[in-house]
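J.: Return a 3D structure for these sequence lines:
(2 chains)
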Number of protein chains: 2
Amino acid sequence: MPVPTLLVLDADPLPRLGRLTGRARVVHADERTLAGLLPTADVLLVWDFASRAVRDAWPGGGPRPRWVHTASAGVDHLMCPELAGSDTVVTNARGIFDRPIAEYVAALVLAIAKDLPRTLDLQRQRTWRHREARRLAGTRACVVGSGPIGRTIARTLKALEVTPAVVGRVPRTGIHGPDDLDRLMSRADWVIAAAPLTEQTRGMFDARRFGVMQPSAHFINVGRGQLVVEDALVEALSKRWIAGAALDVFATEPLAPDSPLWRLPGLIVSPHMSGDTVGWRDELGNQFVELYERWAAGRPLVNVVDKKRGYVPGR
Amino acid sequence: MPVPTLLVLDADPLPRLGRLTGRARVVHADERTLAGLLPTADVLLVWDFASRAVRDAWPGGGPRPRWVHTASAGVDHLMCPELAGSDTVVTNARGIFDRPIAEYVAALVLAIAKDLPRTLDLQRQRTWRHREARRLAGTRACVVGSGPIGRTIARTLKALEVTPAVVGRVPRTGIHGPDDLDRLMSRADWVIAAAPLTEQTRGMFDARRFGVMQPSAHFINVGRGQLVVEDALVEALSKRWIAGAALDVFATEPLAPDSPLWRLPGLIVSPHMSGDTVGWRDELGNQFVELYERWAAGRPLVNVVDKKRGYVPGR
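T.: Alright, predicted model coming up:
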């Protein structure tokens, strides 16, 4: 059997694929060369979640990779009708980001409860001003997204004595369905977006949804920017429909220097880093290598994306 | 029996003591009037932990309160040889601050792990700069102080998958003794000071102790400022012996505007607020009223301070 060709898209620095030496012919592609190389590849590894190149270059027919892996939890950047309709298997980095993102959400929630951004402002002004913080224990969270990331967020908040409710596409044990969303959002102190970006979730956090939240509540997005109608969030914050928000993801990334979001009172902006902890690239590389070894041995892949739904179906 | 006289020191706003109407004659004192009023009082309620007035005014002999309650966890502000040697009972606000302070420590630890202060700096500059955060899970904490506050900090960190070790004055089940301190500090990612201020703990965090910490480690003080030799901490941070610190308490409070601590790289300064969450004054008032009802009924008080040691002895 010939050595399979593994096409790696947009990887700089390169993932550590040394374990595949002799077992894969590794070819690097960028947005410019991808379309020409795709028909030659058995496997495509998409390293940069921000790249839209696969959607543009995926061939409508003829030879193409039998397997596409993305080193990300979301697959919205590569899904297109041609790929969804093909027999190519798509896998994702399920599991790698769960704990880091849950910790990041806990950091945001605690920083807001303890008024830490204001403390840092006052420190810069050398000003001693005692304030009362809020107790996190006993508050309520509504976590939107019932995959491993959303469930790990809920578990982590629960460990901090927050009462979480998780909302998913389909109600099941311990998970609420979409019919409960408005009611849960209206009671929550923290609304946390951790859903995949699909046709059903795009723009789901709109003016009406911010309107049902409590004036004392906060909104946090660690999913995808397009889950949110950003203009509606700007309005909700400006008019004090909600007390504050923290966004790690944006409709357009990087966020433009002239975006109004940088300076909106009550809004914390971070650069899509919630899941990225020291060593994450090695973890993503190792996860891919293990999947490759399964694939090469003819064993079934794990973390297989339901291409119609746009995520790995839950247990 | 005549209605007892309850002297309340430095309470502005006043605690809610309405439940004691008819059962206590409430008299307010300030630093100026305290010495004259002390011989007339049965009970002294010290509301402001920052006041040193009791130490200065406590009578060497003659009539004096039979019971002193301080609406704080620490009793260092009121202890003096005359009070320690008298038969006056001292109680504290044990329990009220445990959970808020533990949450505050969790907020600091997570904010540091996730590089949140830098994120807020970059937001102010409208600058998108992705960085790698650190995973909190799997790190190690050394919590110095084995009272309810220290133990609640340890439990809260453990819920976040940090491995905590607690150090107290005397080794017992689950608590290390002072002999283990240097070794535990040298292995910790987070050293957290939550001990009472006593003659044994004053200045315990000195140049030598910062010297045993790892260069990647952080020091957090939510106990009392005088636990720390502040000049030694300035040196440790300036010379990068340790990676950073967060201080909520200081040798002199409020921190003077010209203190070098305000602008030390890697140091987060907050205004002694870690235990103070919305509603805390009511909780402190209710706790005192319950103690007062015990005392008036002749039942034994709880939260009784060992005046020689300077804290409520642990279970």
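
J.: Going by C-alpha atoms from here, please, whenever you check contacts or count neighbours.
T.: Fine.

J.: host element of the residue nearest the centre of chain A?
T.: Per Cα atoms, centre = their mean, the C-alpha nearest to the average position across chain A is that of A:G223, at 3.8 Å. Using DSSP states H and E, A:G223 sits in no helix or strand.

J.: Who are the contact partners of the residue of the stretch 201-315 of chain A found nearest chain B?
T.: Scanning the stretch 201-315 of chain A for proximity to chain B using Cα to the nearest Cα identifies A:T277 as nearest, at 4.4 Å. Applying Cα atoms under 8 Å, 6 or more residues apart in numbering or on different chains to A:T277 gives the contacts A:P100, B:E132, B:A133, B:R134, B:R135.

J.: And for A:R263?
T.: Taking Cα under 8 Å, 6+ apart, we find A:R263 in contact with B:Q123, B:R124.

J.: Check A:P100 too.
T.: Per Cα under 8 Å, 6+ apart, neighbours of A:P100: A:S274, A:G275, A:D276, A:T277, B:R135.

J.: a markdown table please, covering the residues you listed and showing distance to A:V89, secondary structure and pLDDT.
T.: Below are those laid out as a markdown table (distance: Cα to Cα, whole Å; DSSP: H, G, I helix; E, B strand; the rest coil; pLDDT from 0 to 100):
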| residue | distance to A:V89 | secondary structure | pLDDT |
| --- | --- | --- | --- |
| A:S274 | 27 | coil | 98 |
| A:G275 | 24 | coil | 97 |
| A:D276 | 26 | coil | 95 |
| A:T277 | 28 | strand | 95 |
| B:R135 | 31 | coil | 98 |
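
J.: among the residues you listed, which two are most distant?
T.: A:S274 and B:R135 (10.5 Å; Cα to Cα).

J.: ok, those two, which is more surrounded?
T.: Legend: neighbour count by other Cα atoms under 10 Å in any protein chain shown for A:S274 and B:R135, higher for A:S274 (27 against 23).

J.: Now do the contacts for the more buried one.
T.: By Cα under 8 Å, 6+ apart, the contact list for A:S274 reads A:P100, A:I101, A:Y104, A:V105, A:V222, A:D248, B:A133.

J.: Inside helices: which ones of those?
T.: Mapping the contacts of A:S274 onto helices (DSSP state H) picks out A:P100, A:I101, A:Y104, A:V105.

J.: and the last one, how many neighbours?
T.: In other words, A:V105. So A:V105, with other Cα under 10 Å, has 25 neighbours.

J.: And the pLDDT at it?
T.: Turning to A:V105, the model gives it a pLDDT of 98.

J.: That one touches A:I153, doesn't it?
T.: Yes. Taking Cα atoms under 8 Å as the definition, A:V105 is a contact partner of A:I153 at 7.0 Å.

J.: okay if I get the contacts of A:P100 as a markdown table plus distance to A:W47?
T.: Shown next, in a markdown table, are the contacts of A:P100 (distance: Cα to Cα, whole Å):
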| residue | distance to A:W47 |
| --- | --- |
| A:S274 | 17 |
| A:G275 | 15 |
| A:D276 | 14 |
| A:T277 | 16 |
| B:R135 | 21 |
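
J.: Of those, which is the nearest to B:V229?
T.: Nearest member of those to B:V229, counting by Cα to Cα, is B:R135, at 30.0 Å.

J.: what's near enough to touch that closest one?
T.: A:P100, A:E103, A:T277, A:V278, B:A113, B:K114 are the contacts of B:R135 under Cα under 8 Å, 6+ apart.

J.: What is the most widely separated pair among the residues you listed?
T.: Checking these with Cα to Cα, the most distant pair is A:E103 and A:V278, at 13.6 Å.

J.: Low-confidence regions, chain A specifically.
T.: A:1, A:315 (pLDDT under 70).

J.: Show me where it has its strands.
T.: A:5-9, A:25-29, A:43-46, A:67-70, A:89-91, A:140-144, A:163-167, A:190-193, A:218-221, A:244-247, A:267-269 (DSSP state E).

J.: Redo these as a markdown table? Include mean neighbour count and distance to chain B.
T.: Listed next are these as a markdown table, based on neighbours: other Cα atoms under 10 Å in any protein chain shown; distance: least, Cα to the nearest Cα, whole Å:
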| stretch | mean neighbour count | distance to chain B |
| --- | --- | --- |
| strand A:5-9 | 22 | 20 |
| strand A:25-29 | 17 | 23 |
| strand A:43-46 | 24 | 19 |
| strand A:67-70 | 22 | 19 |
| strand A:89-91 | 24 | 24 |
| strand A:140-144 | 27 | 16 |
| strand A:163-167 | 24 | 15 |
| strand A:190-193 | 25 | 16 |
| strand A:218-221 | 24 | 15 |
| strand A:244-247 | 23 | 11 |
| strand A:267-269 | 23 | 6 |
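
J.: Tell me which of those strands approaches A:T127 most closely.
T.: Among the strands of chain A, strand A:267-269 comes nearest to A:T127, with 21.6 Å by Cα to Cα.

J.: So what touches that closest one?
T.: By Cα under 8 Å, 6+ apart, strand A:267-269 touches A:L237, A:G244, A:A245, A:A246, A:L247, A:D248, A:L261, A:W262, B:T119, B:L120, B:Q123.

J.: chain center to that strand, what's the gap?
T.: How far strand A:267-269 lies from its chain's middle: 17 Å, per Cα atoms, centre = their mean, to the nearest Å.

J.: what do you get for stretch A:216-235?
T.: 14 Å.

J.: Compute the first-to-last residue distance for that stretch.
T.: Its start and end residues considered, stretch A:216-235 measures 16 Å (Cα to Cα, to the nearest Å).

J.: Next, the buried residues of it.
T.: A:217-230, A:232-234 (16 or more other Cα atoms under 10 Å in any protein chain shown).

J.: just stretch A:82-98 next, same as before
T.: A:83-84, A:88-98.

J.: possible to save these as TSV with distance to B:V304?
T.: Below are the buried residues of stretch A:82-98 laid out as TSV (distance: Cα to Cα, whole Å):
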residue	distance to B:V304
A:L83	71
A:A84	70
A:T88	71
A:V89	68
A:V90	65
A:T91	61
A:N92	58
A:A93	55
A:R94	53
A:G95	50
A:I96	50
A:F97	48
A:D98	45
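
J.: distance of the residue of the stretch 201-315 of chain A closest to chain B from A:D248?
T.: A:T277 sits 14 Å away from A:D248, taking Cα to Cα as the criterion.

J.: Also A:T91?
T.: 24 Å.

J.: Likewise for A:A102?
T.: For A:A102 relative to A:D248 (Cα to Cα), the value is 13 Å.

J.: Looking at those two, which is more packed in?
T.: A:A102 (26 against 20).
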